[in-house]
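Enquirer: coords below, sequence missing:
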Ligand code: M6R
């Protein structure tokens, strides 16, 4: 049942390219994104005052990526709120607000309750769900399923990747309706999206490199993930994966925020995973890498192939992923982060598929 892998998590990590293909290919026809299952008219999109993303855990981290991606593509405000907070923050929602609800299981009680509240306040609800016929899917105005197949490991991997793929589809679809990006940019992003599964396969083929880094770092008591913009959003997910299955204390920070407090925690032997895939901010993040190096941290860098040599001048080790359109980087960068958490937990002998204190679907508030 684990397809020859030691854990469901490993199997599910390896299934990601195929899961993304299944999620995007039926929705791309003649060079365009076609979302027949999306209950949104051109007028709805034009009148939309903002998008409210509502989710928990890793699905919330997809939402963090969505903020950067959708604001860039649509030039509409995107607010991302933890579902467990949404009902208690007196959210500003109108009948022109689109609530974008993200949930693998479709049963997370916090997400469901927040979604009902958004609906009550007049928002239209679009959900991104993996489990067909789940409560969130049934109660939404429109649902875009992620075709990841059953996800067994508590730590989500292929659901995250396919949720992210759906965010690109929504972004491109709405951008076309709005005319908010030029056609050549639309074409470029769409073709890079279609290339993601192959590029992901390349990363997966080289997974032994990451296993090697895990064997060096698995005993570090504390790890920090730093990055800016989308790299920061991916860092949040990398940090959660690590905590969840390896029980190593870790935090993710927007790289520029370190000097406002956290840098006091950096001492010789602290591991800092520095994400610097986003080219426009590469130099800025590298300046933070220099700061942590000078305080004795070990730095494991993550960037694209084209910047790997540059990053290796400062970082102790560098993992690189294929180059792609900047907005699509999270789809690739998340894979080494999942693998790192997996191999670290493996070295530590943890119960990877069923980490302590956690359930796959959280149906209590
Ligand atoms: O099923 P959902 O996407 O609504 O679940 C949300 C979170 O409970 C979930 O993403 C959790 O954080 C994962 N175990 C993380 O790997």
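Expert: Received it, and whenever you're ready, just let me know what you need. All figures in this text were calculated on a predicted structure; none of them were measured in a lab.

Enquirer: what about the nearest residue to residue 7 once chain neighbours are set aside, distance to the ligand?
Expert: The shortest distance from residue 7 to any non-neighbouring residue, by Cβ to Cβ, 6 or more residues apart in numbering, is to residue 352 (4.7 Å). Just so you know, the C-beta spots here come from the backbone N, C-alpha and C atoms, and that holds for glycine as well. Distance from residue 352 to the ligand, counting by Cβ to the nearest ligand atom, to the nearest Å: 12 Å.

Enquirer: show me the contacts for residue 352.
Expert: With contact set as Cβ atoms under 8 Å, 6 or more residues apart in numbering, residue 352 has these partners: 7, 9, 153, 155, 245, 342, 345-346.

Enquirer: Reduced to three states, what does it come out as?
Expert: Using DSSP: H, G, I helix; E, B strand; the rest coil, the structure places residue 352 in coil.

Enquirer: Correct me if wrong: residue 89 contacts residue 82.
Expert: No. Counting by Cβ atoms under 8 Å, residue 89 stays clear of residue 82, with 9.4 Å between them.

Enquirer: quick one: which of the two has more around it?
Expert: More crowded of residue 89 and residue 82, by other Cβ atoms under 10 Å: residue 82, with 17 against 10.

Enquirer: what's the nearest residue to the more buried one if we skip its chain neighbours?
Expert: residue 60 (5.7 Å).

Enquirer: can you count the residues close to that neighbour?
Expert: Residues within reach of residue 60, counting by other Cβ under 10 Å, total 22.

Enquirer: Verify the contact between it and residue 86 for me.
Expert: No. Between residue 60 and residue 86 there is no contact, the gap being 10.8 Å when judged by Cβ under 8 Å.

Enquirer: Which one of the residues in the stretch 51-200 of the chain is closest to the ligand?
Expert: For the stretch 51-200 of the chain, the residue closest to the ligand is residue 57, as judged by Cβ to the nearest ligand atom, at 1.9 Å.

Enquirer: which of the contacts of residue 352 lies closest to residue 126?
Expert: Residue 126 lies nearest to residue 155 out of these, by Cβ to Cβ, at 25.9 Å.

Enquirer: helix, strand or coil for the closest one?
Expert: Residue 155 ends up coil, using three-state DSSP.

Enquirer: how about the strands in the protein?
Expert: Taking DSSP state E, the strands of the chain run over residues 28-29, 32-33, 50-55, 78-82, 97-103, 124-129, 142-145, 222-227, 249-254, 271-275, 298-304, 317-321.

Enquirer: got a markdown table for the ones you listed, with mean pLDDT and distance to the ligand too?
Expert: Shown next, in a markdown table, are the strands of the chain (pLDDT from 0 to 100; distance: least, Cβ to the nearest ligand atom, whole Å):
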| stretch | mean pLDDT | distance to the ligand |
| --- | --- | --- |
| strand 28-29 | 97 | 24 |
| strand 32-33 | 96 | 23 |
| strand 50-55 | 98 | 6 |
| strand 78-82 | 98 | 10 |
| strand 97-103 | 98 | 3 |
| strand 124-129 | 97 | 8 |
| strand 142-145 | 96 | 13 |
| strand 222-227 | 96 | 15 |
| strand 249-254 | 96 | 14 |
| strand 271-275 | 97 | 17 |
| strand 298-304 | 98 | 19 |
| strand 317-321 | 98 | 20 |
